[in-house]
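*Asks:* Predicted structure and sequence below. I'll ask about it afterward.
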Amino acid sequence: MKISVIGTGYVGLVAGACFADSGNDVVCVDINAEKIARLRAGEVPIYEPGLEELIVRNVREGRLSFTTDLSGTVGGSQVVFIAVGTPEGESGDADLSYVLTAAEAIGRALKQYTVVVDKSTVPVGTAERVRRTIAAVTRVEFDVVSNPEFLKEGAALEDFTRPDRVVIGTDSEQARAIMADLYAPFVRTGKPLIFMDAASAELTKYAANAMLATRISFMNDIACLCEKVGADVEMVRKGMGADKRIGHSFLFPGVGYGGSCFPKDVKALGATAREAGVEFDLLRAVERTNERQKRLLVHKALRHFGPSLEGRQLGVWGLAFKPRTDDMREAPSVEIIEGLLAKGARIVAHDPVATASAQRVFGNRITYAPGPYAAAEGADALFIVTEWNEFRHPDFDRLKHIMKTPVIFDGRNLFEPERMRERGFTYFCLGRG
Ligand SMILES: NC(=O)c1ccc[n+]([C@@H]2O[C@H](COP(=O)([O-])OP(=O)(O)OC[C@H]3O[C@@H](n4cnc5c(N)ncnc54)[C@H](O)[C@@H]3O)[C@@H](O)[C@H]2O)c1
Ligand SMILES: O=c1ccn([C@@H]2O[C@H](COP(=O)(O)OP(=O)(O)O[C@H]3O[C@H](CO)[C@@H](O)[C@H](O)[C@H]3O)[C@@H](O)[C@H]2O)c(=O)[nH]1
């Protein structure tokens, strides 16, 4: 099948590469000429495990290419995916300007019946707005399908090629058949293609993200409660998760959820509810807990060191919002580091892949260390912010030896508090004694 993908971000690039790898002829389009030039030179502008190899191979084998020329590409495609950004708008709602601009450009370029697929995360009613936007500029036949994406950064290829489900919102039989054909290679193991109307598909995406964010905030509140009452959140988490109705995933307390999706999508769902006159108080509480959680490590540090961190050197392990990505969007590290800087601390941080993207956030206000031990050297305390695997089994003797004082604020509960005390560390974590 001939496919165009509009937008070469985390979603567009992954979708484009995976569709090409299942034998389709894919052209990825972006308005960012520098990104396209890099991609054409074989350089992938984001870090996502396995993506570069997949792109390079599919380009070499002639199934995948990159262009800034939307109008020259879309006309020859049977399916066009919109995978542009939908950032937070002024009042918390989703900013649809990129989606609607792309839709109009697609409309002008159509030459034959085409399925236009909205893969971006968009509020209820957007498929209809996209349809109207395209219909206003063309007489060619087309269908608009809502096909939200559920991949996680850091595991994007696995999630895309082995999805738990594929949600397809359309009332067109023709579009339904084309989408089923396109996704057939990814649901061979029996995972469902779930067909529904476009509005339900659009809402499914926000509901899923908001539910996952709710679980995280719930566990962060449980962790705070554990600290106050002398319970151990790791035990509570295991005990809760063993109930099949609850399950173990997305119950890890941490420094608050971040990334390009949960924060904006919880807000956008709140905006949809407000507009619809539905009181959705739970969402506001989920956000409030998350705001508190992002400040927690700084509060713990101030309780330990006193109200000023002037003259203190603090090490930070992990800058990206989660492991296996270089994405700094809404990363809790930003709030934590800004909080520590504001109290006068000097920061030396290490992240295995996010240094370049972190430099765009912090500039030279912090120091970037080439490795975890270099970040901890001479530090008054070490902050663990992102749970990269390489931080899980450090040489504790070496760490203790190189730090000025062996104090750790662990925002990811990587270690056993009892063992850390035996090793000679002053160890603070979340919801454990
Ligand atoms: N990042 C994720 O993990 C993830 C997962 C599921 C869904 N989503 C959703 O998918 C959408 C895309 O997210 P992302 O993280 O890939 O975004 P991104 O910001 O990484 O990339 C978007 C790309 O679209 C390009 N673009 C904007 N307008 C364009 C136009 N008119 N024509 C061509 N290109 C254009 C931008 O230059 C940019 O390269 C969002 O709605 C997001 O909520 C993201
Ligand atoms: O038990 C957990 C799980 C996650 N997180 C945090 O939650 C955030 C989001 O993590 P994750 O969901 O793994 O990454 P994303 O790439 O943001 O993926 C989410 O957002 C995407 C964009 O909408 C969706 O497609 C995915 O299904 C959804 O998981 C990160 O800050 C994590 O540290 C926790 O604090 N505790």
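*Replies:* Nice, I can see it. From a predicted model like this one, the values you see are computed outputs, not experimental measurements. Ligands and ions are numbered 1, 2, ... in the order given.

*Asks:* got the contact list for the closest residue to Leu100 other than its chain neighbours?
*Replies:* Spatial nearest neighbour of Leu100, excluding adjacent residues (C-beta to C-beta, 6 or more residues apart in numbering): Thr133 at 5.4 Å. From N, CA and C alone the C-beta is placed, and that goes for glycine too. By C-beta atoms under 8 Å, 6 or more residues apart in numbering, the contact list for Thr133 reads 100, 103-104, 107.

*Asks:* Same check on Thr405?
*Replies:* 379-381, 426.

*Asks:* Same check on Pro192?
*Replies:* 165-166.

*Asks:* isn't Leu414 right up against Arg392?
*Replies:* Yes. Between Leu414 and Arg392 there is a contact at 5.7 Å, judged by C-beta atoms under 8 Å.

*Asks:* Tell me which residue lies nearest the centroid of this protein.
*Replies:* Gly259 (4.3 Å; C-alpha atoms, centre = their mean).

*Asks:* Give the other helices and strands that the biggest helix by length in the chain contacts.
*Replies:* Counting residues, the longest helix found in the chain (DSSP state H) is helix 198-229. Other elements packing on helix 198-229 under the criterion 3 or more C-beta pairs under 8 Å, 6 or more residues apart in numbering; DSSP states H and E are helix 126-135, strand 142-146, strand 166-169, helix 233-241, helix 262-275, helix 281-305.

*Asks:* Quick check: buried residues in that helix?
*Replies:* For helix 198-229, a neighbour-count test (16 or more other C-beta atoms under 10 Å) marks 198-199, 201-206, 208-210, 212-224, 226-227 as buried.

*Asks:* does any part of it sit near ligand 1?
*Replies:* No. Using C-beta under 6 Å from any ligand atom, helix 198-229 stays clear of ligand 1, with a minimum separation of 7.4 Å.

*Asks:* Check the residue lying farthest from the centre of the chain and give its pLDDT.
*Replies:* Most distant from the centre of the chain: Arg139, at 37.6 Å, with distances by C-alpha atoms, centre = their mean. Listed pLDDT for Arg139 reads 98.

*Asks:* circling back to that earlier point, how about a markdown table for the helices and strands packed on helix 198-229, with distance to Ser91 added?
*Replies:* Output for the helices and strands packed on helix 198-229, formatted as a markdown table (distance: least, C-beta to C-beta, whole Å):
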| stretch | distance to Ser91 |
| --- | --- |
| helix 126-135 | 17 |
| strand 142-146 | 23 |
| strand 166-169 | 25 |
| helix 233-241 | 35 |
| helix 262-275 | 6 |
| helix 281-305 | 14 |
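
*Asks:* quick one, which of those is nearest to ligand 2?
*Replies:* Proximity to ligand 2 (C-beta to the nearest ligand atom) singles out helix 262-275 among the helices and strands packed on helix 198-229, at 5.3 Å.

*Asks:* picking that back up, do you know how far the residue nearest to the residue nearest to the centre of the chain when sequence neighbours are not counted is from ligand 2?
*Replies:* Distances taken as C-beta to C-beta, 6+ apart put Phe321 closest to Gly259, at 4.4 Å, once the chain neighbours are dropped. To ligand 2, Phe321 is 5 Å away according to C-beta to the nearest ligand atom, to the nearest Å.

*Asks:* if I look at Phe321, how far off is Thr272?
*Replies:* 24 Å (C-beta to C-beta, to the nearest Å).

*Asks:* Those two: who's more crowded?
*Replies:* Legend: neighbour count by other C-beta atoms under 10 Å for Phe321 and Thr272, higher for Phe321 (29 against 20).

*Asks:* element containing the more buried one, please.
*Replies:* Under DSSP states H and E, no helix or strand contains Phe321.

*Asks:* tell me the contacts of it?
*Replies:* 258-259, 327-333, 386 are the contacts of Phe321 under C-beta under 8 Å, 6+ apart.

*Asks:* From these, pick the one nearest Phe19.
*Replies:* Asp327 (22.1 Å; C-beta to C-beta).

*Asks:* And the pLDDT at that closest one?
*Replies:* 97.

*Asks:* Identify the residue of the chain closest to ligand 1, quick one.
*Replies:* Closest point on the chain to ligand 1, by C-beta to the nearest ligand atom, is Gly9, at 1.9 Å.

*Asks:* Please tell me how far that residue sits from ligand 2.
*Replies:* Taken as C-beta to the nearest ligand atom, the span from Gly9 to ligand 2 is 11 Å.

*Asks:* burial measure for the closest residue to Lys238 other than its chain neighbours, as a count.
*Replies:* In this structure, Lys238 finds its nearest non-sequential neighbour in His248, 7.8 Å apart by C-beta to C-beta, 6+ apart. Neighbour count for His248, taken as other C-beta under 10 Å: 12.

*Asks:* Gly23 now?
*Replies:* 11.

*Asks:* Over to the one 5 residues further on?
*Replies:* By other C-beta under 10 Å, the residues close to Cys28 number 28.

*Asks:* Equivalent analysis for Lys400, please.
*Replies:* For Lys400, using other C-beta under 10 Å, the count is 16.

*Asks:* So it: helix, strand or coil?
*Replies:* Under the three-state scheme (DSSP: H, G, I helix; E, B strand; the rest coil), the conformation of Lys400 reads as helix.

*Asks:* Pull up the residues of the stretch 301-433 of the chain that are close to ligand 2.
*Replies:* So the stretch 301-433 of the chain meets ligand 2 at 321-322 (C-beta under 6 Å from any ligand atom).

*Asks:* mind listing the strands for the stretch 301-433 of the chain?
*Replies:* Using DSSP state E, counting those that start in this stretch, the strands of the stretch 301-433 of the chain run over 313-317, 346-350, 367-368, 381-384, 407-410, 426-428.

*Asks:* Just send those back as a markdown table, with mean pLDDT too.
*Replies:* As requested, those are exported to a markdown table (pLDDT from 0 to 100):
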| stretch | mean pLDDT |
| --- | --- |
| strand 313-317 | 98 |
| strand 346-350 | 98 |
| strand 367-368 | 98 |
| strand 381-384 | 98 |
| strand 407-410 | 98 |
| strand 426-428 | 98 |
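
*Asks:* Including mean neighbour count, could these go into a markdown table?
*Replies:* Below are those laid out as a markdown table (neighbours: other C-beta atoms under 10 Å):
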| stretch | mean neighbour count |
| --- | --- |
| strand 313-317 | 26 |
| strand 346-350 | 22 |
| strand 367-368 | 18 |
| strand 381-384 | 26 |
| strand 407-410 | 24 |
| strand 426-428 | 18 |
